[in-house]
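**Q** What follows is a protein structure lacking sequence information:
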């Protein structure tokens, strides 16, 4: 029985331009759950991970708006809260589509990162509301934030995006999968923590890339397949140019070559292709990048972009 990690973004539940009410997101969660249920029915042990970018951003805006009434919580708490929020939606949707004897378990997950990761000193990931320069400068001084101009005259808080090292809840996740549960884990990339000098753990205000976290999860449990869902049916070379063309299969060597050549930018397909390569280099059999409706067909070789060992 193959083990498959299914990863989708937070914008799959909260598309660009939507108000993202609970009802809207619950409906989209049903669409993602249908993909997972189809895999389970096909005989896959299935784990699900998801992004939380829009939801964390919205919650940060709500906190900022109510800062005069209640104390804003740190970013790592926002990640934890949105993990629970989205995990609940996905789990309820899964239970509506699964046989009653299939357990569905959400694991609020912490991911160990390295305090010496170079990314920690280079915050680049925008989070939360937009500010004018004066407000951004004031908040940076008051709260110790890093801020950056992301559009002309518009500033946002920026935080580090360190590489995930290991999921702290991995032993429990492995047992759940072995017992036949469908597991939702590493939501939003996981709550980032670092080791402290006294042997403890400290959460940090950072954002872990969801696709890289999905790779860490899949590699750690020795999954067979990693399915990275996105808004397009397949990866393209020379994207956005007259030479744009879809790619249906890449070897690891070919994918690494195209990454080095700049074909897959960091803000686009870069993290997905990087995650796929790492998964295969750690023993995975197949990585797929495709849209949700084509997930099952892509695993069978009929759709999407398949990345295979060299």
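**A** All right, it came through fine. Predicted model only: the values in this text are computed from it and were never measured. Numbering: from 1, shown residues only.
**Q** Residue 78 versus residue 219, what's the distance?
**A** Distance of residue 219 to residue 78, given as CB to CB, to the nearest Å: 27 Å. The C-beta positions use only the backbone N, C-alpha and C, and glycine is treated the same way.
**Q** and the regular element (helix or strand) spanning residue 228, which strands flank it?
**A** Per DSSP states H and E: residue 228 is located in strand 225-229. Within its sheet, strand 225-229 is paired with strand 3-8 (parallel), strand 286-290 (parallel), according to DSSP bridges.
**Q** hang on, the earlier thing: out of residue 219 and residue 78, which sits in the busier spot?
**A** Ranked by neighbour count (other CB atoms under 10 Å), residue 219 and residue 78 place residue 78 first, with 26 against 19.
**Q** I'd say the more buried one and residue 64 touch.
**A** No: Residue 78 is beyond contact range of residue 64, at 11.1 Å (criterion: CB atoms under 8 Å).
**Q** Find the centremost residue of the chain, please.
**A** residue 210 (2.1 Å; CA atoms, centre = their mean).
**Q** shaky segments in the chain?
**A** Within the chain, no stretch falls below the threshold (pLDDT under 70).
**Q** for the longest helix belonging to it, packing partners?
**A** Using DSSP state H to define each element, the chain has its longest helix at helix 75-97. Helices and strands touching helix 75-97, by 3 or more CB pairs under 8 Å, 6 or more residues apart in numbering; DSSP states H and E, are helix 22-41, strand 45-50, helix 53-65, strand 104-107, strand 182-185, strand 191-195.
**Q** Buried residues of that helix, list them for me.
**A** For helix 75-97, burial by neighbour count (16 or more other CB atoms under 10 Å) applies to 75-76, 78-83, 85-87, 89-91, 93-95, 97.
**Q** With stretch 292-307 instead?
**A** Going by neighbour count (16+ other CB under 10 Å), the buried part of stretch 292-307 is 292, 294, 295, 296, 298, 299, 303, 304, 305, 306, 307.
**Q** Now go through these and say which are in strands.
**A** Here DSSP state E is the test, and these give 305, 306, 307 as lying in strands.
**Q** any idea which of these is closest to residue 255?
**A** Sorting those by how near they are to residue 255, with CB to CB, puts residue 307 at the top with 5.5 Å.
**Q** which residues sit in contact with that closest one?
**A** Residues near residue 307 by CB atoms under 8 Å, 6 or more residues apart in numbering: 249-252, 255, 273, 276-277, 280, 286-289.
**Q** what do you get for residue 64?
**A** Contact analysis of residue 64 by CB under 8 Å, 6+ apart lists 72, 128, 129.
**Q** I'd like to know which of those are buried.
**A** Applying 16+ other CB under 10 Å to the contacts of residue 64 flags 72, 128, 129 as buried.
**Q** Now the first one: closest residue in space, sequence neighbours ignored.
**A** Leaving aside its chain neighbours, residue 72 sits nearest to residue 63 (4.2 Å; criterion: CB to CB, 6 or more residues apart in numbering).
**Q** That neighbour and residue 18: what is the separation?
**A** Distance from residue 63 to residue 18, by CB to CB: 21 Å.
**Q** cool, and residue 71?
**A** Note on residue 71: its distance to residue 18, by CB to CB, is 29 Å.
**Q** Residue 54 too?
**A** Taking CB to CB, one finds residue 54 at 9 Å from residue 18.
**Q** Of the two, which one has the most company?
**A** Neighbour count, other CB under 10 Å: between residue 54 and residue 18, residue 54 has more, with 20 against 13.
**Q** correct me, but the more buried one touches residue 10?
**A** Yes: contact criterion CB under 8 Å: residue 54 and residue 10 qualify, at 5.0 Å.
**Q** contacting residues around residue 127?
**A** 56, 57, 60, 75, 156, 157, 158, 159, 207.
**Q** try it again with 6 Å
**A** Going by CB atoms under 6 Å, 6 or more residues apart in numbering, residue 127 touches 60, 157, 159.
**Q** Out of these, grab the one that's most surrounded.
**A** residue 157 (25 neighbours).
**Q** Would you agree that residue is in contact with residue 145?
**A** Yes: judged on CB atoms under 6 Å, residue 157 makes contact with residue 145 at a distance of 4.9 Å.
**Q** got a list of what residue 39 touches?
**A** 4, 46.
**Q** now it: how far from residue 267?
**A** Per CB to CB, residue 39 is found 29 Å from residue 267.
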